[in-house]
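Colleague: below are the sequence and a predicted model for it; my questions follow.
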Amino acid sequence: MSRLIMALAVWLVASNALAAGTLVIAHRGASGYLPEHTQPAVAMAYAQGADYIEQDVVLTKDDVPIVLHDLTLDATTDVAEVFPGRARDDGKHYAIDFTLDEIRQLRVGERRRGDGPAFEGRFPDGVNILRVPTLAEEIELIQGLNQSTGGDVGIYVELKHPDFHAAEGRSFPASVLQILYAYGYRGADDRVFLQCFDEGTLRFLKDHTEIRLVQLVEDKNLTAERAQAIASYAQGVGPWIAHLTDRPEFVVAAQEAGLEVHPYTFRADALPRGMKSYRALLDRFIRNMKVNGVFTDHPDLTRRYVDSLGATR
Ligand code: G3P
Ligand code: CA
């Protein structure tokens with residue numbers, strides 16, 4: 001074998017080994033297969049080999065952190081039927097207007113269009129077995145599975161709409177940190193990330209916790225300067241995949257600034273325009289761009305892909 005071929009082979013093995021360490025972050029649990037953020041979706045994500053499982057968090061009327069993507073209950077529960085007359089003037093039922101006891105009475109189903117898109121062909125409607133979990137319940141499920149399987153799956157908590165919670169007079173970050181600390185998540189070495197779109201909330205958290213922080217980014221400002229600014233208060237950055245596709249050089253800039261890069265969201269049943277297959281999507285982001293982790297609705301497919309790159313985790 002010539003030296004050039006040998007060098008290329010060594011580079012390929014090293015490159016794949018790096019990519020094989022990419023974190024599989026189950027987005028709202030295994031939400032491609034079961035209604036998002038339900039306990040079965042969490043258990044399924046765990047069994048499919050996720051490294052981390054995501055929790056979007058909002059507060060109830062009685063200040064309990066629950067795992068729910070939207071501020072409102074309309075897109076994923078039967079709240080309008082169970083509690084007629086409890087909507088606000090905009091016609092929506094806000095989780096913060098309901099106690100945990102009330103929210104426990106709701107039936108959860110596959111998402112209808114709300115703060116995010118809905119997807120055809122996923123879990124069928126009309127199944128009366130799923131409920132909205134609290135953050136504490138979800139942690140207990142994951143920690144229980146860690147004990148019974150010998151695993152070490154982490155949690156990846158997003159504080160949803162801190163401005164809304166502040167306007168409602170709530171100490172949202174404190175309520176979430178209280179739960180995390182109670183379950184032993186305290187430091188940078190613990191299997192936990194805290195993520196948020198709001199920079200002010202992350203800067204506040206930087207001064208109040210050692211837990212690793214991730215700045216979610218939905219705008220197109222993906223520059224080296226932005227990466228350096230984020231690195232002054234966070235350990236990671238989560239750009240939207242469509243924007244990262246336009247700015248692949250941001251991955252290197254962010255990593256050079258000391259940030260992990262965890263883009264969102266990888267969906268086998270909703271590929272970006274022009275992408276031919278889920279494998280091609282993963283090839284672009286994991287093998288070529290070398291992001292450090294991916295939020296995915298399909299942890300099984302993503303786990304299989306990452307493992308196929310050939311390194312032990
Ligand atoms: O947290 C990463 C990703 O989940 C952000 O988007 O709307 O799905 O919470 P969203
Ligand atoms: Ca999220």
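Modeller: All right, it came through fine. Because the structure is predicted, anything quoted here is derived from the model rather than measured. Numbering: from 1, shown residues only. Ligands and ions are numbered 1, 2, ... in the order given.
Colleague: how far out from the middle of the chain is stretch 38-46?
Modeller: How far stretch 38-46 lies from its chain's middle: 13 Å, per C-alpha atoms, centre = their mean, to the nearest Å.
Colleague: outside of that stretch, which residues touch it?
Modeller: 26, 28-31, 33-35, 53, 108, 130-131, 133, 137-138, 141-142, 145, 149, 151, 153, 299 (C-beta atoms under 8 Å, 6 or more residues apart in numbering). For the C-beta atoms, the positions are set from N, CA and C on the backbone; glycine is no exception.
Colleague: up against ligand 1, what does the stretch 51-200 of the chain have?
Modeller: Where the stretch 51-200 of the chain comes near ligand 1, counting by C-beta under 6 Å from any ligand atom, the residues are Asp56, His69, Gly116, Glu158, Gln195.
Colleague: try 5 Å this time
Modeller: Glu158 (C-beta under 5 Å from any ligand atom).
Colleague: how about the helices in the stretch 51-200 of the chain?
Modeller: Assigned by DSSP state H, counting those that start in this stretch, the helices in the stretch 51-200 of the chain fall at 79-82, 100-103, 135-149, 162-167, 172-182, 199-206.
Colleague: out of these, which is closest to Arg112?
Modeller: Closest to Arg112 of the helices of the stretch 51-200 of the chain is helix 79-82 (C-beta to C-beta; 11.1 Å).
Colleague: give the buried residues for that closest one.
Modeller: Across helix 79-82, burial judged by 16 or more other C-beta atoms under 10 Å covers Val79, Val82.
Colleague: tell me what it is packed against?
Modeller: Packing partners of helix 79-82 (3 or more C-beta pairs under 8 Å, 6 or more residues apart in numbering; DSSP states H and E): none among the helices and strands.
Colleague: can I get that helix in PDB, CA atoms only?
Modeller: What follows is helix 79-82, C-alpha atoms only, in PDB (Å, rounded to 0.1, in the frame of the first residue of the first chain):
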ATOM      1  CA  VAL A  79     -58.000  19.700  27.500                       C
ATOM      2  CA  ALA A  80     -60.800  21.500  25.600                       C
ATOM      3  CA  GLU A  81     -63.200  18.600  26.200                       C
ATOM      4  CA  VAL A  82     -62.200  18.000  29.800                       C
END
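Colleague: what is the rounded mean pLDDT of that helix?
Modeller: Throughout helix 79-82, pLDDT has a mean value of 96.
Colleague: cool, stretch 170-186 as well?
Modeller: Stretch 170-186 comes out at a mean pLDDT of 98.
Colleague: can you list contacts of it?
Modeller: With contacts defined as C-beta under 8 Å, 6+ apart, stretch 170-186 is touched by 57, 59, 63, 65, 96, 135-136, 139-140, 143, 155, 157, 159, 162, 165-166, 190-192, 194, 201, 204-205, 208-211.
Colleague: can you get me a residue count around the residue in the chain that ligand 2 sits nearest to?
Modeller: Going by C-beta to the ion, ligand 2 is nearest to Glu158 of the chain, at 4.1 Å. Counted with other C-beta atoms under 10 Å, residues neighbouring Glu158 total 21.
Colleague: one more: Asp198?
Modeller: Quick note: Asp198 (other C-beta under 10 Å) scores 16 neighbours.
Colleague: quick one: the closest residue to it other than its chain neighbours from Val57, how far?
Modeller: Distance criterion C-beta to C-beta, 6 or more residues apart in numbering; nearest residue to Asp198, sequence neighbours excluded, is Pro162 at 4.9 Å. From Pro162 across to Val57, the span is 10 Å (C-beta to C-beta, to the nearest Å).
Colleague: these two: which is more packed in?
Modeller: Using other C-beta under 10 Å, the more surrounded residue of Pro162 and Val57 is Val57, with 24 against 20.
Colleague: wouldn't the more buried one be in contact with Tyr156 here?
Modeller: No - applying C-beta atoms under 8 Å, one finds Val57 not in contact with Tyr156, separated by 10.8 Å.
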